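Novice: Model the following, please.
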Amino acid sequence: MDNAKAKLLIERLEQMQAVRSNWDAIWDFIAQRTSPKNACFQSEHVTGQPKSGWKKYDSTASLAINKWASAMDGLTTPKTQTWHGLSLTDVKLSEKYKDYLEQVRDILFARRYAATSNFANANYENLRSVGTFGNGAFSLTENKSFDGNVYKAWDLREFYIEQNFEGQIDVFFRKFKLNARQARQEFGENCPEKIKNAKNLTDEFEFLWAVYPNTDYDKKSILATKKKYASVYVCITTGELIEESGYDICPLFYQRYDIMPSLTDPYGYAPILLCMPEVRDLNKMIADLLTLSDRQTNPNYLATEDDLIERRFLNNGVLIQGGLDANGNERIKELLSHAQTPLTLEMIQDFRTVINEGFNLNLFQILVNKPNMTATEVMQRAQEQGTLLGSFTSRREKEFLSPLIVKEVELAERQGDLPPVPEELQEALGSGEVFFSIKYESPIVRAQKADEGTAIMRTLETAAALQNFDPTIKNQINAVETLKAVANIWGAPKKMFNSDEEKEAKDMSEAQLKQAEQMLNAAPVISKSAKDMADAQAKGGIGGIL
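Specialist: Reported below is the predicted structural model:
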């Protein structure tokens, strides 16, 4: 094994650790007040020992993070909806092979939400990490036991990253620990001798997993070490290189809430940092209130210097002999606090409101607080929601969801789960002029399109009002296309609409029924005419009635 490469990678890791050190201090500060179990960016986590020095006295920020993560999950990747589709850059081909594209999409969703994939849980945990620290590390790999995907949200403190000149994360270093037993299971015969010979299976060893653009990339080569992304495992403890391989498409993804203006700082900015002064002061105020409450229930006492009354006599329900002097005056008095509790409680509520607004939780209560809104009002509120949340959702699609879907397609194709590509489509894709594209259809995307729906509803309302002045106005509106446009904005399932062939058949059936009805209505008239002619012929021919 190339231990010289291992040394270079370990040195690069140390440089990346130095770059992230300032963020470690910030993330520890956040974790101490929102998620104490994660407050170990600057210290080692010790199994079975709770973190000391907790500074969390209020759960407003923690609950806000959980609600925000759930809301963003439901708005961008709802489990019960097909929140994206596949299309082609060639519109005609996309329409022609619509059924094929929908079939591929359905396969991707089936694999993504399979019982063993863990996507739903990993996706939510990743969003919680983004909400708390502004960063979230994620991976998609093949299931080693059987065909399928495995999704995992990683501990943020393990990952170090770099971005390229375009601001895209393309270097991932993961520093982690395994005990001897776990290392043997993970690396088998490639384990360093020190780990193979370890007598205590609980002995821990440090490792590095590095994934980065391969400088030896060869598109025509079938060797794993010549693929687009290099993958290297190193044992930091022994300084040995363990395994080398590669990926055509990177299996690691890194999601950020907001980005810093400098390309030399790849880490994301957390939403909680926008209201960190309120989070910090709120926890301090709650701590002060608890101290005040404790002093009220267990107060300090004032006594004369020569007072001999013991502390045990100051408990409730105890007769204190000698508590009064000969004149009936108290020999011991409670030390009173003059803190203004109502003012403090009002400030606490103000701080909680600011924290909730920092996570846009007020937007998610629109329909709950006003359930009787009209369709137009609902669209207007949805548009506001889509506008205010659009910045993060666009970055989420670009940095996380799009590369994730591309990797899912690669794994599904490799495992033989995708249907054969039609010959014409295969030729078009091979020409390099036609490409697959991802079309997002999540609730937040529909909310961003709500302005179009609002315009349609207002136009229809105006047309209805003008109908009394000019009845021909209705002829200016294409009702079918209007219905389809509104259905698309609202996210109605496409299967509720008939195809062109089905519509044509129904139209023809209705026309035939209408014709038959007209014939039935005309039958009495025809019958009467026939009778009159017969009577006339009986009396002297047709000329008798002319």
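
Novice: Mind jotting down where the strands sit in the protein?
Specialist: 84-88, 135-142, 149-154, 159-163, 169-179, 204-213, 229-235, 240-247, 252-256, 301-303, 332-334, 436-440 (DSSP state E).

Novice: Walk me through the domains of this structure.
Specialist: 1-292+341-448, 451-497, 502-545 (automatic domain parsing).

Novice: what's the least confident stretch among the strands of the chain?
Specialist: Per-segment mean pLDDT for these reaches its minimum on strand 301-303, at a mean of 65.

Novice: re earlier: just name the most buried of the strands of the chain.
Specialist: Per-stretch averages of neighbours, counted by mean count of other CB atoms under 10 Å, single out strand 252-256 among the strands of the chain, with a mean of 24. (C-beta placed from N, C-alpha, C; glycine too.)

Novice: would you list the strands of the chain in CSV and tack on distance to Ser402?
Specialist: As requested, those are arranged in CSV below (distance: least, CB to CB, whole Å):
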stretch, distance to Ser402
strand 84-88, 9
strand 135-142, 13
strand 149-154, 16
strand 159-163, 16
strand 169-179, 13
strand 204-213, 18
strand 229-235, 17
strand 240-247, 17
strand 252-256, 10
strand 301-303, 68
strand 332-334, 66
strand 436-440, 6
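
Novice: among the ones you listed, which is nearest Glu399?
Specialist: Within these, the stretch nearest Glu399 is strand 252-256; the backing value is 5.7 Å (CB to CB).

Novice: Adjacent strands (with direction) for the closest one?
Specialist: strand 135-142 (antiparallel) (DSSP bridges).

Novice: From the chain's centroid, how far away is the partner strand?
Specialist: For strand 135-142, the distance from its own C-alpha centre to the chain's C-alpha centre is 13 Å (CA atoms, centre = their mean, to the nearest Å).

Novice: Repeat that for stretch 344-353.
Specialist: Centroid displacement of stretch 344-353 relative to its chain, using CA atoms, centre = their mean, is 29 Å.

Novice: Would you mark the buried spots in that stretch?
Specialist: 348, 351-352 (16 or more other CB atoms under 10 Å).

Novice: Can you tell me which of the domains of the chain is most buried?
Specialist: Scoring the domains of the chain by mean neighbour count under mean count of other CB under 10 Å gives domain 1-292+341-448 as the most buried, with a mean of 16.

Novice: which non-adjacent residue is nearest Ala210?
Specialist: Among residues not flanking Ala210 along the chain, Val232 sits closest, at 4.8 Å (CB to CB, 6 or more residues apart in numbering).

Novice: what's near enough to touch that neighbour?
Specialist: Contacts for Val232 (CB atoms under 8 Å, 6 or more residues apart in numbering) come out as 5-6, 9, 208-211, 241, 243-244.

Novice: any idea how far the closest residue to Ala180 other than its chain neighbours lies from Phe205?
Specialist: Nearest in space to Ala180, with sequence neighbours left out and distances taken as CB to CB, 6+ apart, is Ala198 at 4.0 Å. In this structure, Ala198 lies at 8 Å from Phe205, with CB to CB, to the nearest Å as the measure.

Novice: Common neighbours of the two, please.
Specialist: Common contacts of Ala198 and Phe205 (CB under 8 Å, 6+ apart): Ala180.

Novice: so where is the stretch 351-500 of the chain shaky, pLDDT-wise?
Specialist: Across the stretch 351-500 of the chain, the ranges flagged by pLDDT under 70 are 364-388, 450-451, 489-495, 499.

Novice: the helices in it, which residues?
Specialist: Read by DSSP state H, counting those that start in this stretch, the stretch 351-500 of the chain holds these helices, from start to end of the chain: 366-369, 375-396, 402-414, 423-430, 443-448, 450-466, 479-490, 500-540.

Novice: next one: the fifth one to chain centre, how far?
Specialist: What it means is helix 443-448. Its chain's average C-alpha position is 14 Å from that of helix 443-448, according to CA atoms, centre = their mean.

Novice: which other helices and strands contact it?
Specialist: helix 60-76, helix 375-396 (3 or more CB pairs under 8 Å, 6 or more residues apart in numbering; DSSP states H and E).

Novice: what about the stretch 201-350 of the chain, any weak spots by pLDDT?
Specialist: Judged against pLDDT under 70, the low-scoring parts of the stretch 201-350 of the chain cover residues 294-324, 331-332, 334-343.

Novice: Arg256 and Leu361: what is the separation?
Specialist: When distance is defined by CB to CB, Arg256 is 21 Å away from Leu361.

Novice: And for Ala465?
Specialist: The span separating Ala465 from Leu361 equals 38 Å under the rule CB to CB.

Novice: which residues touch the most centrally placed residue in the chain?
Specialist: For the chain, the residue whose C-alpha lies nearest the mean C-alpha position (CA atoms, centre = their mean) is Asp73; its distance is 3.7 Å. For Asp73, the contacting residues are 123-124, 127, taking CB under 8 Å, 6+ apart as the criterion.

Novice: Go ahead and confirm Trp209 touches Tyr233.
Specialist: Yes - with contact defined as CB atoms under 8 Å, Trp209 reaches Tyr233; the gap is 5.6 Å.

Novice: Low-confidence bits of the stretch 51-200 of the chain, can you list those?
Specialist: Within the stretch 51-200 of the chain, the stretches falling below the threshold (pLDDT under 70) are 51-54.

Novice: Just the pLDDT at the residue nearest to Ala31 when sequence neighbours are not counted, thanks.
Specialist: Taking CB to CB, 6+ apart as the measure, Ala31 lies nearest to Ala39, with 3.8 Å between them; neighbours along the chain are not counted. As summarised for this prediction, Ala39 has a pLDDT of 83.

Novice: Quick check on Ala39: phi, psi?
Specialist: Reported as degrees, to the nearest 10, the phi and psi values for Ala39 are phi -80, psi 60.

Novice: quick one: contacts for Tyr57?
Specialist: Contact criterion CB under 8 Å, 6+ apart gives 283-284, 286-287, 290 as the residues in contact with Tyr57.

Novice: same thing but 7 Å
Specialist: Contacts here follow CB atoms under 7 Å, 6 or more residues apart in numbering; on that basis Tyr57 touches 283, 286-287, 290.

Novice: one step back: quick check, nearest of the buried residues of stretch 344-353 to Glu441?
Specialist: Ranking the buried residues of stretch 344-353 by separation from Glu441, with CB to CB as the measure, puts Arg352 on top at 35.2 Å.

Novice: residues touching that closest one, list them.
Specialist: Neighbour list for Arg352: 60, 282 [criterion: CB under 7 Å, 6+ apart].

Novice: What's the separation between it and Ser70?
Specialist: Arg352 sits 19 Å away from Ser70 when distances are taken as CB to CB.

Novice: what are the bridge partners for the closest residue to Tyr212 other than its chain neighbours, then?
Specialist: Counting by CB to CB, 6+ apart, Tyr212 lies nearest to Val171, which is 4.4 Å off, once chain neighbours are set aside. Using DSSP bridges, the beta-bridge partners of Val171 come out as Glu162.
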